[in-house]
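Asker: Okay, sequence plus prediction incoming.
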Amino acid sequence: MPREILFLNTMTRRMETFHPLEPGHVRMYTCGPTVYNFVHIGNLRTFLFEDILRRTLQAFGYRVTQVMNLTDIDDKTIKGAASEGVSLREFTDRYIAAFFQDIDTLHVERAEHYPRATDFIKQQVELVQKLTDRGHTYVQDGSTYFRIATFGAYGKLSGIDVNQVKAGARVDADEYEKEDVRDFVLWKASKPGEPGWETPLGLGRPGWHLECSAMGMTLLGESFDIHTGAVDNIFPHHENEIAQSEGATGKPFVHTWLHAEHLIVEGQKMAKSAGNFFTLRDLLERGHDPLAIRYLLISVPYRQKLNFTFDGLHAAAAGVERIGNTMRRLAHTPPAAGDGALPVSEVASFTEEFDGGLADDLNTARALGAVHTLLTKVNQALDSGGISVEARARVDSALRRVDATLGIVPKAEPVAGSDAEIDGLIAERTAARSARDFARADAIRKALTERGVVLEDTPHGTVWHLTK
RNA sequence: GGUGACGUAGCCAAGUGGUAAGGCAGGGGCCUGCAAAGCCCUCAUUCGGCGGUUCGAAUCCGCCCGUCACCUCCA
């Protein structure tokens, strides 16, 4: 039996114990990028939340089937391709490749499916036809619209009262004509020069919301467990997906909806005009460690606004380093002969708190707190009676769990014997120290430091690692 | 105008009735030839403000102040 987990379901606004439709197997649809540009750190915050969700479910014993869409047809991709004079496919291929590169850099696990909207035109058309058969659509000027007056539950996810929306001040006149401003387009008639598909619905292209319903139901079934995205997707995107999907099938579309809050930068909304807009590439160019970026972006629970600051990024880097330092100490310290100073119960209580945090609607801050508490216990033991072979094995396994779920454990450091030249210099320095020739010893250390090699003299010999 | 969040130390943040986790930064100390790493001590009598409920509230209720998000571009 998989471990129980609680989620705050946007649909019910309540904390619920999660039960997949098929016991032990979670089917989830996670909103992916629109591939017209490099992804920014706000996008990545959402993708990392989805990654933690996936990893946690797996660590808790569920099988996961995850779909992440790649939106390769919309106003922005069309415009981008046109302005560069390349095909839509060529344009979006480029940003899809960049997207995968970026999520790989942040150690995001791959989903099972990455469908592209333009590869699912047929399924989208069929979905519109089903909606038409059930009387949910109308055609105007060659475009097909969803008439929300035919879907009584409209607004159940966002809590938006459609009458208020109609009365609101910000409904602007769409360039397409609708019967009612609240209706949304399913199939857009192509304008001259725009990409389009000749289909029974006419020459056109899918509306924004259609792909997610079509691809989600094709790959995961008409009803599935989890659908995620960022908060701005709640309305209208996800609301419209529900209308389209349930309107077509008459079945509940998704059981649990999870939405990530946005991040802000240095206290302000991230915007190109504010000069605080960052892609992953921008941060890497400034020399920041991908693992530190990941740590920072997952350190605040997903339902809270995350204030991305460079101070915070430095703190995150220090957090990652602390994990690595402790692992290095662990690796270079021989096991205690007897029971050592770290009771295995200490590791057990860590696991309880760590898993408990994740099971509580993915409380990553609580989980990270537990990690640091464990690190302190390990270091204390290392400084006193040492750590037994058995306790050591449990710590290793605990850290593997941390890495499996949060993905913030640094790779093992280079070990003695991996670089003959460095080992030679260290031996030379050790000899100098024995001879109390500290000037010589310090000169060697300084030379190594300049090469990015940091030495540490421990009771068990001199060890080294690279600076970050 | 409608709907919904949030306000805990210099910064990030846990904590949803029982007397303030954790990290970063700062100060002092131990260890070291000196470092590095680590450890120890220190850093909120108090949780935006004012009332109320309670034996007891950061946690529940009311009012006020402040910040923010969504209301068909938006992760």
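Answerer: That came in fine, so what should we check first? What you are looking at is a predicted structure, and each value in this text was computed from that prediction instead of being measured.
Asker: which outside residues touch the helix or strand that contains residue A:125?
Answerer: Using DSSP states H and E, the element containing residue A:125 is helix A:121-133. With contact meaning Cβ atoms under 8 Å, 6 or more residues apart in numbering, helix A:121-133 is reached by A:117, A:137, A:144, A:146, A:186-187, A:197, A:199-201, A:206, A:210-211, A:213-215, A:217-218, A:244-245, A:247-249. For every residue, glycine as well, the C-beta is placed using N, CA and C.
Asker: list the buried ones in that helix?
Answerer: By neighbour count on 16 or more other Cβ atoms under 10 Å, the buried set for helix A:121-133 is A:121, A:123-132.
Asker: which one of the residues you listed sits closest to residue A:40?
Answerer: Nearest to residue A:40 among the buried residues of helix A:121-133, counting by Cβ to Cβ, is residue A:124 at 27.6 Å.
Asker: Look at the closest residue to that closest one other than its chain neighbours and give its secondary structure.
Answerer: In space, residue A:124 comes closest to residue A:214 once its chain neighbours are excluded; the distance is 4.3 Å by Cβ to Cβ, 6 or more residues apart in numbering. Classification of residue A:214 by DSSP: H, G, I helix; E, B strand; the rest coil places it in helix.
Asker: sorry, back to before: ok, and which of the buried residues of helix A:121-133 reach RNA strand B?
Answerer: Counting by Cβ under 7 Å from any atom of the strand, nothing from the buried residues of helix A:121-133 sits close to RNA strand B.
Asker: a markdown table please, covering those and showing pLDDT and distance to residue A:369.
Answerer: Below are the buried residues of helix A:121-133 laid out as a markdown table (pLDDT from 0 to 100; distance: Cβ to Cβ, whole Å):
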| residue | pLDDT | distance to residue A:369 |
| --- | --- | --- |
| A:121 | 96 | 48 |
| A:123 | 97 | 45 |
| A:124 | 97 | 45 |
| A:125 | 96 | 50 |
| A:126 | 97 | 49 |
| A:127 | 97 | 45 |
| A:128 | 96 | 49 |
| A:129 | 96 | 52 |
| A:130 | 96 | 49 |
| A:131 | 96 | 48 |
| A:132 | 96 | 53 |
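Asker: Format those as TSV; extra columns: distance to residue A:428.
Answerer: Formatted as TSV, the buried residues of helix A:121-133 follow (distance: Cβ to Cβ, whole Å):
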residue	distance to residue A:428
A:121	68
A:123	68
A:124	69
A:125	74
A:126	74
A:127	72
A:128	75
A:129	78
A:130	77
A:131	77
A:132	81
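Asker: Let me know the closest of those to residue A:296.
Answerer: Distances from residue A:296 to the buried residues of helix A:121-133, taken by Cβ to Cβ, are shortest for residue A:124, at 37.5 Å.
Asker: What number of residues are in the vicinity of residue A:104?
Answerer: 12 (other Cβ atoms under 10 Å).
Asker: can you give me phi and psi for it?
Answerer: phi -70, psi -40 (degrees, to the nearest 10).
Asker: now do the one 10 residues further on
Answerer: When read as degrees, to the nearest 10, the backbone of residue A:114 gives phi -120, psi 70.
Asker: Now do the same for the residue of the stretch 1-150 of chain A found nearest RNA strand B: helix, strand or coil?
Answerer: Nearest to RNA strand B in the stretch 1-150 of chain A, going by Cβ to the nearest atom of the strand, is residue A:42, at a distance of 2.5 Å. Assigned by three-state DSSP, the conformation of residue A:42 is helix.
Asker: residue contacts, it?
Answerer: A:230, A:262-263, A:270.
Asker: before we move on, what about residue A:307?
Answerer: A:263-267.
Asker: Next SSE downstream of the lowest-mean-pLDDT helix or strand in chain A?
Answerer: Every helix and strand in chain A was compared by mean pLDDT, DSSP states H and E; the lowest is helix A:162-167, with a mean of 57. Remark: after helix A:162-167, the chain's next helix or strand is strand A:184-189, criterion DSSP H and E.
Asker: ok, that next one: who's next to it in the sheet?
Answerer: Strand pairing for strand A:184-189, determined by DSSP bridges: strand A:143-146 (antiparallel), strand A:202-206 (antiparallel).
Asker: Tell me which residue lies nearest the centroid of chain A.
Answerer: Note on chain A: the residue nearest the mean C-alpha position is residue A:48, at 1.5 Å, using Cα atoms, centre = their mean.
Asker: Make sure that residue is actually in contact with residue A:107.
Answerer: No: counting by Cβ atoms under 8 Å, residue A:48 does not reach residue A:107; the two are 9.4 Å apart.
Asker: intersection of neighbour lists for the two?
Answerer: With Cβ under 8 Å, 6+ apart as the test, residue A:48 and residue A:107 both reach residue A:294.
Asker: quick one: low-confidence ranges for the stretch 251-400 of chain A?
Answerer: By pLDDT under 70, the stretch 251-400 of chain A contains no weakly predicted segment.
Asker: Point out the residues in it that sit beside RNA strand B.
Answerer: By Cβ under 7 Å from any atom of the strand, the residues of the stretch 251-400 of chain A that approach RNA strand B are A:260, A:262-263, A:269-270, A:299-301, A:304-307, A:309, A:311-312, A:314-315, A:318-319, A:321-322, A:325-326, A:328-329, A:360, A:363, A:365-366, A:368-369, A:372-373, A:375-376, A:379-380, A:382-383.
Asker: Filter those down to the buried ones.
Answerer: Among those, those classed as buried by 16+ other Cβ under 10 Å are A:260, A:263, A:270, A:299-301, A:306, A:312, A:319, A:321-322, A:325-326, A:328-329, A:360, A:363, A:368, A:375, A:379, A:382.
Asker: and these, which of them are in strands?
Answerer: Residues of those located in strands (DSSP state E): A:260, A:263, A:306.
Asker: and of these, the nearest to RNA strand B?
Answerer: Nearest to RNA strand B among those, with distances taken as Cβ to the nearest atom of the strand, is residue A:263, at 4.3 Å.
Asker: Might one say that the closest one is in contact with residue A:276?
Answerer: No: the pair residue A:263 / residue A:276 is not scored as a contact, 10.8 Å apart, by Cβ under 8 Å.
Asker: anything in contact with each of these two?
Answerer: Contacts common to residue A:263 and residue A:276, judged by Cβ under 8 Å, 6+ apart, are residue A:270.
Asker: Show the pLDDT at the closest residue to RNA strand B within the stretch 201-350 of chain A.
Answerer: Nearest residue of the stretch 201-350 of chain A to RNA strand B (Cβ to the nearest atom of the strand) works out as residue A:230 at 2.2 Å. Looking at residue A:230, its pLDDT is 95.
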